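# Generate a structure from the sequence data that follows.
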Amino acid sequence: MSQIKKVTCHVVSAPVEKPFTSSRGWIYKTRGSCIVEVETNDGMVGWGECYGPSAVSKAFIDSQFGPRIIGRDPFDVEVIWEDLYNRIKDYGTKGMAISAISGIDIALWDIIGKSCGQPIHKLIGGSYRDEVTAYATGLYFIDMDRLIEEAVEEAIEFKQNGFTAIKMKIGLGDLKLDIRRVEAVRKAVGDDMRLMVDANHCFTVPQAIKIGRELEKLDIEWFEEPISPEDLDGYVEVTRALDMAVAGGENEFTRWGFRDIVVRKAMDIVQPDVCAAGGISECRKIATLASAHGVECVPHAWGSVIGVAATLHFLAALPDQPPSFKGNPPLFEFEQCENPFRDLLSVEPIIQRNGRVSVPKGPGLGIEINRHILDQYRVA
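Residues are numbered from 1 along each chain as shown. Reported below is the predicted structural model:
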């Protein structure tokens, strides 16, 4: 019987040539990640990724989770998940503890897939699709003297590169400037481009409703994180007040964290991150919960190629939302900011062509990790 032999965290970081920011005001000067490597006694290796501050995930795994799963059968992936969750339930039902479990969970599914010779999506229900429509996440704030011009230039570049959908940042502290910036992008890319906006929870409820009504005139597909994630009643107000979809949930965790969101339909679209919300095992449960209440599930993705691949497998196994004659498949978030761990960590990078991204077909995650990149950017 295969047993888990070793758990290793690779903390990596790389400088960003052009630092960028969002409405939160945090300047991204580096890109980094906590990459989880799980090895079995028969030489199988699985890879996972944890969302958020890398050193914190590493601390949880090194001190709490890693030693606890040594000697366990990796096929007991959900049994292990429940054990780890209950180990830290008294102080870790959200946040970095769950991100750490997420990385382990993804790595175990990678091992299971490799052991069976099957891609993960075949093991979690099958493939509704072998490729997904990708939307480019970008249009952050870089040059504060050219906020509109830089957004237009980047949006045009995405369109020229084949993307058919874009998500842009808003939340500049000036609602009129935000609207002018979105108007300029809409005019530049045309009416056929699907366009979403992300406020990174910077508005009050009245502000969100006010700007939302203006955004609706620009045919915005969804309004992401308009207000603070703690204000569930506020989300209900905003969602009811606007005709366009309201999205959120990238900073929520586990089925219990999403339960009230979907039961109350506080959002039209929930966005769990497989590297944060509990891994593939838990995101399957979140998606089922959402489906049962008529809420769409469009996962958040921000990280390395490991998170990209895991998200693609998750998406492949999600049905259309709702099913219909032509279908309404969930979109794939393909974040486009500078990131060597997205572009270089896999021997064969995952890329988009004509706005579409193929779901990996190889066993497990379907990617081969370039250990040279781990060594080159390792910080711990």
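
# which residues in the chain form helices?
Residue ranges of the helices in the chain, as given by DSSP state H, are 54-60, 66-69, 77-87, 96-116, 120-123, 147-160, 175-189, 205-216, 232-241, 254-263, 279-292, 305-316, 340-343, 371-377.

# For the last one, buried residues please.
Right, the one you point to is helix 371-377. For helix 371-377, the neighbour count (16 or more other Cβ atoms under 10 Å) marks Ile373, Leu374, Tyr377 as buried. For the C-beta atoms, the positions are set from N, CA and C on the backbone; glycine is no exception.

# Now do the same for the last one: its pLDDT.
Same thing as Tyr377. pLDDT for Tyr377: 98.

# now the closest residue to it other than its chain neighbours: how far from Tyr28?
Using Cβ to Cβ, 6 or more residues apart in numbering and skipping residues adjacent in sequence, the residue nearest Tyr377 is Val12, 4.2 Å away. Separation of Val12 from Tyr28 (Cβ to Cβ, to the nearest Å) stands at 15 Å.

# who's more crowded, the two?
With neighbours defined as other Cβ atoms under 10 Å, Val12 and Tyr28 compare such that Val12 has more, 23 against 14.

# where does that one land on pLDDT?
So, for Val12, pLDDT stands at 98.

# Then Gln321?
Gln321 is assigned a predicted lDDT (pLDDT) of 88.

# Near it, how many other residues are there?
Gln321, neighbours per other Cβ under 10 Å, totals 19.

# got a list of what it touches?
Going by Cβ atoms under 8 Å, 6 or more residues apart in numbering, Gln321 touches Ser291, Glu296, Cys297, Asn328, Pro329, Pro330.

# just Asp143 next, same as before
Asp143 neighbours (Cβ under 8 Å, 6+ apart): Glu150.

# And it, how close does it get to Ile70?
Asp143 sits 50 Å away from Ile70, going by Cβ to Cβ.

# Nearest to Lys176, out of the buried residues of helix 371-377: which one, please.
Taking Cβ to Cβ as the measure, Lys176 sits nearest to Tyr377 out of the buried residues of helix 371-377, at 41.2 Å.

# tell me the contacts of the closest one?
Tyr377 neighbours (Cβ under 8 Å, 6+ apart): Val12, Ser13, Ala14, Gly32, Pro340, Phe341.

# Quick check, the first one in contact with Arg378.
Yes: with contact defined as Cβ atoms under 8 Å, Val12 counts as touching Arg378 (5.7 Å).

# Can I get the buried residues of helix 371-377 in a markdown table including distance to Thr21?
A markdown table is the format used below for these (distance: Cβ to Cβ, whole Å):
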| residue | distance to Thr21 |
| --- | --- |
| Ile373 | 26 |
| Leu374 | 28 |
| Tyr377 | 22 |
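
# So which of those is the closest to Gln64?
So of the buried residues of helix 371-377, ranked by how close each gets to Gln64 (Cβ to Cβ), first place is Leu374, at 22.9 Å.

# Please report the distance of the closest one from Pro299.
According to Cβ to Cβ, Leu374 and Pro299 sit 25 Å apart.

# What of Leu331?
Taking Cβ to Cβ, one finds Leu331 at 9 Å from Pro299.

# ok, those two, which is more surrounded?
Pro299 (28 against 22).

# Can you give me the pLDDT of the more buried one?
As predicted, Pro299 sits at a pLDDT of 98.

# Please apply the same query to Gly171.
The model's pLDDT for Gly171 equals 98.

# Identify the residues contacting it.
Gly171 makes contact with Ser22, Ser23, Asp178, Ala199, Asn200, Cys202, Phe203 under the criterion Cβ under 8 Å, 6+ apart.

# likewise Lys210?
Lys210 is in contact with Leu175, counting by Cβ under 8 Å, 6+ apart.

# what do you get for Val308?
Ala301, Phe334, Arg342, Ile350.

# I'd guessed the third one sits against Gln352; true?
No: counting by Cβ under 8 Å, Arg342 sits too far from Gln352 to count as a contact (11.8 Å).

# Mutual contacts of those two, please.
Any residue near both Arg342 and Gln352 by Cβ under 8 Å, 6+ apart counts here, and not one turns up.

# so where's the chain shaky on pLDDT?
For the chain, the stretches flagged by pLDDT under 70 are 380.

# hey, which strand is longest across it?
Counting by DSSP state E, the longest strand found in the chain is strand 4-20.

# got the angle between that one and helix 96-116?
120 degrees (axes from the mean of the first three to the mean of the last three Cα atoms, to 10 degrees).

# Give the other helices and strands that strand 4-20 contacts.
strand 28-40, helix 54-60, helix 66-69, helix 340-343, helix 371-377 (3 or more Cβ pairs under 8 Å, 6 or more residues apart in numbering; DSSP states H and E).

# so which of these gets nearest Tyr128?
Per Cβ to Cβ, nearest to Tyr128 of these: helix 340-343, 24.4 Å.

# packing partners for that closest one?
strand 4-20, strand 28-40, helix 305-316, helix 371-377.

# Pick the most deeply packed of these.
Stretch with highest mean neighbour count among the helices and strands packed on helix 340-343: helix 305-316 (a mean of 28; mean count of other Cβ atoms under 10 Å).
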